[in-house]
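Trainee: below is the sequence, then the predicted model.
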2 protein chains.
Amino acid sequence: MAPNHGSLLYEGKAKCVFRSDQDEKVFIQFKNSATAFNAIKRAEFEDKGRLNCQISSCLFELLEKQGIPTHYLGVADDCWMVAKKVEIIPLEIVLRNIAAGSLCKETPIVKGTELEPPLLDIYYKDDQLGDPLLTDVRLEMLKLITPEQRSTLENLARDINFSLKLFFNQIDLILVDFKLEFGITHDRRIVLADEISPDTCRFWDKRTSDPEARILDKDRFRQDLDHVLEAYGEVLKRVQGACAKPQKCL
Amino acid sequence: MAPNHGSLLYEGKAKCVFRSDQDEKVFIQFKNSATAFNAIKRAEFEDKGRLNCQISSCLFELLEKQGIPTHYLGVADDCWMVAKKVEIIPLEIVLRNIAAGSLCKETPIVKGTELEPPLLDIYYKDDQLGDPLLTDVRLEMLKLITPEQRSTLENLARDINFSLKLFFNQIDLILVDFKLEFGITHDRRIVLADEISPDTCRFWDKRTSDPEARILDKDRFRQDLDHVLEAYGEVLKRVQGACAKPQKCL
């Protein structure tokens, strides 16, 4: 059931953000829509919103307990999260532990290659430009963040990767790569925002070596594989088995 | 007339490289074929080979006189260059003085913006991968060059830009951006290779402010504008007016 929310602040491809009765708090609704390849491919998956909301909530709570600042405040209902209102920094920070996806289309690095140290790529979050990869110099030229903020983002992203990689390993999931977005709060602090879910991460199941069966993330949708929802459900089951139930917050 | 060349060593989109009677010397034939958008768009332009060969020869001689090491040895005939045999480093070094082309598709930087200092972008030269842009870390990961070689390439590219920008300014051409390729000679020296021509540079004519008329480079072909050959011819005329005639070499 939707919480008692205010007007729509922002609608993205996978989430809607609504006002609450407090200026610094928002309600985030996780949608069932799935998009890929910069929204060229679209579909609806009944229950995806709930799965991603619950997975994200568990992971944000885990990170908060480890001292990582996030926008997360609690869950309001199945597919509703309560979060600090932030101004999203228009950058996508991608952490790669194993080569997959666009990295293998843009370099001769073979899919499955272990990346040590993990590769951190920064993309400009702009649908019209197709979320282009940024070089160091281009990032500086855009003046979206200060060098200090950049350093904060990169350090947080590496800490988050360290923590999540260990966590997922314990539940037999390989964290191949994932995308993070950060935001700036009312009081000018940088916090992890957006979501952490099979929409934004690549997970490979350690319990099978079959290259298709092991995929437990949005690549099933991108590659037209079946059982998309079951894969997301399996991730939630394992995450919930290792975490406390997300805290209700209204 | 073709010089007395040996067997074909390499055929690219715009040039063929042939053996000579000496192991460290090659003949390079400039072709009339034009390609754009990673060879999706193709055409033949009668006389383009000669124009690019003569423009490149003048510019290589100019750079050699200023102490820039190049592969250039001389011209053999209208569309034949004699050059040191090199192993091409599979990187494209792009110098940008003014924002145009892919930079404006991949960032919000507006076409025509002056870039000071000039922007140096490095791409991986690989047609199958679509010549992707490389970040600093991706370039390191590919281990194509040592950090010392990278520094040599970047310094040479900036020196070349400094020199060419001044030269073209004197003949009323704005050097908007250009692509360089480097090679390694028999004796392991890094030299400028490939070509410098309206195929690899963007030139805007200072004698007109009309945004279409001022284009004197391959953008005329990319954008389906007429008078492609006339534009290349105008560049050659101005270059030859300011340079000595390229030295014959057989």
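Mentor: Cool, got the structure. Numbering: from 1, shown residues only, chains lettered A, B, ... in the order given.
Trainee: for the residue nearest the centre of chain A, which three-state class applies?
Mentor: Nearest to the mean C-alpha position of chain A, counting by CA atoms, centre = their mean, stands A:I196 at 3.1 Å. With DSSP: H, G, I helix; E, B strand; the rest coil as the basis, A:I196 sits in coil.
Trainee: how about stretch A:243-250: buried residues?
Mentor: A:243, A:246, A:249 (16 or more other CB atoms under 10 Å in any protein chain shown). Glycine gets a C-beta too; all of them are placed from N, C-alpha and C.
Trainee: hmm, who's touching it?
Mentor: Stretch A:243-250 has contacts (CB atoms under 8 Å, 6 or more residues apart in numbering or on different chains) with A:3-4, A:54, A:57-59, A:61-62, A:73-76, A:82.
Trainee: longest helix in chain A, please.
Mentor: helix A:147-170 (DSSP state H).
Trainee: pull out the buried positions in the next helix or strand after that helix.
Mentor: Of the helices and strands lying after helix A:147-170 in sequence (DSSP states H and E), the nearest is strand A:173-180. Neighbour counts over strand A:173-180 (16+ other CB under 10 Å) mark A:173-180 as buried.
Trainee: about what we covered before: turn the buried residues of stretch A:243-250 into TSV, columns for secondary structure and pLDDT.
Mentor: Formatted as TSV, the buried residues of stretch A:243-250 follow (DSSP: H, G, I helix; E, B strand; the rest coil; pLDDT from 0 to 100):
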residue	secondary structure	pLDDT
A:C243	coil	90
A:P246	coil	84
A:C249	coil	80
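Trainee: if we can go back for a sec, the residue nearest to the residue nearest to the centre of chain A when sequence neighbours are not counted: which element?
Mentor: Closest residue in space to A:I196, ignoring its immediate chain neighbours: A:L59 at 4.5 Å, by CB to CB, 6 or more residues apart in numbering or on different chains. Assigned by DSSP H and E, A:L59 belongs to helix A:48-65.
Trainee: show residues contacting that helix.
Mentor: Under CB under 8 Å, 6+ apart, the answer for helix A:48-65 is A:14, A:28-34, A:70-72, A:74-75, A:78-81, A:160, A:163-164, A:167, A:192, A:195-199, A:228-229, A:232-233, A:235-236, A:239-240, A:243-244, A:246-247.
Trainee: would you check that A:D159 makes contact with A:I68?
Mentor: Yes. Counting by CB atoms under 8 Å, A:D159 touches A:I68, with 6.3 Å between them.
Trainee: now, which of the contacts of helix A:48-65 lie within strands?
Mentor: A:28-30, A:33-34, A:72, A:74-75, A:80-81, A:192 (DSSP state E).
Trainee: the residue nearest to A:M1 when sequence neighbours are not counted: how many residues sit nearby?
Mentor: Leaving aside its sequence neighbours, A:M1 sits nearest to A:D77 (CB to CB, 6+ apart; 5.4 Å). Residues lying near A:D77 (other CB atoms under 10 Å in any protein chain shown) number 16.
Trainee: which ones are touching A:D77?
Mentor: Contacts of A:D77 (CB under 8 Å, 6+ apart): A:1-3.
Trainee: kindly report the same for A:F167.
Mentor: So A:F167 contacts A:59, A:62, A:242 (CB under 8 Å, 6+ apart).
Trainee: number of nearby residues for the last one?
Mentor: Right, A:A242. Other residues close to A:A242 by other CB under 10 Å number 12.
Trainee: go on, the second one?
Mentor: A count of neighbours around A:L62, defined by other CB under 10 Å, yields 19.
Trainee: for A:L166, see how far away it is.
Mentor: Taking CB to CB, to the nearest Å as the measure, A:L62 falls 10 Å from A:L166.
Trainee: over to the first one?
Mentor: A:L59 sits 13 Å away from A:L166, taking CB to CB as the criterion.
Trainee: who in chain A is up against chain B?
Mentor: Residues of chain A lying near chain B by CB under 8 Å from any CB of the partner chain: A:105-109, A:115, A:119-122, A:124, A:126, A:129, A:132-138, A:141-142.
Trainee: could you break chain A into its assigned domains?
Mentor: A:8-84, A:87-226 (automatic domain parsing).
Trainee: which stretch among these comes nearest B:A99?
Mentor: domain A:87-226 (9.5 Å; CB to CB).
Trainee: just to revisit the earlier point, who wins on neighbours among the contacts of A:D77?
Mentor: Among these, the one with the most neighbours (other CB under 10 Å) is A:P3, at 16 neighbours.
Trainee: so that residue sits in a strand?
Mentor: No. According to three-state DSSP, A:P3 belongs to no strand; its state is coil.
Trainee: pull the contacting residues for it.
Mentor: Per CB under 8 Å, 6+ apart, neighbours of A:P3: A:27, A:76-77, A:80, A:82, A:250.
Trainee: what pLDDT is listed against the nearest residue to it once chain neighbours are set aside?
Mentor: Closest residue to A:P3 apart from its sequence neighbours, by CB to CB, 6+ apart: A:A76 at 4.0 Å. Note on A:A76: pLDDT of 94.
Trainee: what angle do the helix or strand in which A:V26 is found and strand A:72-77 make?
Mentor: Assigned by DSSP H and E, A:V26 belongs to strand A:25-30. In terms of direction (axes from the mean of the first three to the mean of the last three CA atoms, to 10 degrees), strand A:25-30 departs from strand A:72-77 by 60 degrees.
Trainee: how about the lengthiest strand in chain A, which residues are buried there?
Mentor: Counting residues, the longest strand found in chain A (DSSP E) is strand A:114-124. Residues A:115, A:118-124 are the ones in strand A:114-124 that count as buried (16+ other CB under 10 Å).
Trainee: circling back to that earlier point, out of the contacts of A:P3, who's nearest chain B?
Mentor: Proximity of the contacts of A:P3 to chain B (CB to the nearest CB) peaks at A:F27, which lies at 30.5 Å.
Trainee: list the residues that contact the closest one.
Mentor: Here A:F27 is in contact with A:3, A:5, A:17-20, A:76, A:80-83 (CB under 8 Å, 6+ apart).
Trainee: for it, give the beta-bridge partners.
Mentor: A:F18, A:V82 (DSSP bridges).
Trainee: so how far is A:M81 from it?
Mentor: Distance from A:F27 to A:M81, counting by CB to CB: 7 Å.
Trainee: before we move on, what about A:K237?
Mentor: Applying CB to CB to A:K237 and A:M81 gives a distance of 19 Å.
Trainee: between those two, point out the one with more neighbours.
Mentor: Higher neighbour count among A:K237 and A:M81: A:M81, with 28 against 12, using other CB under 10 Å.
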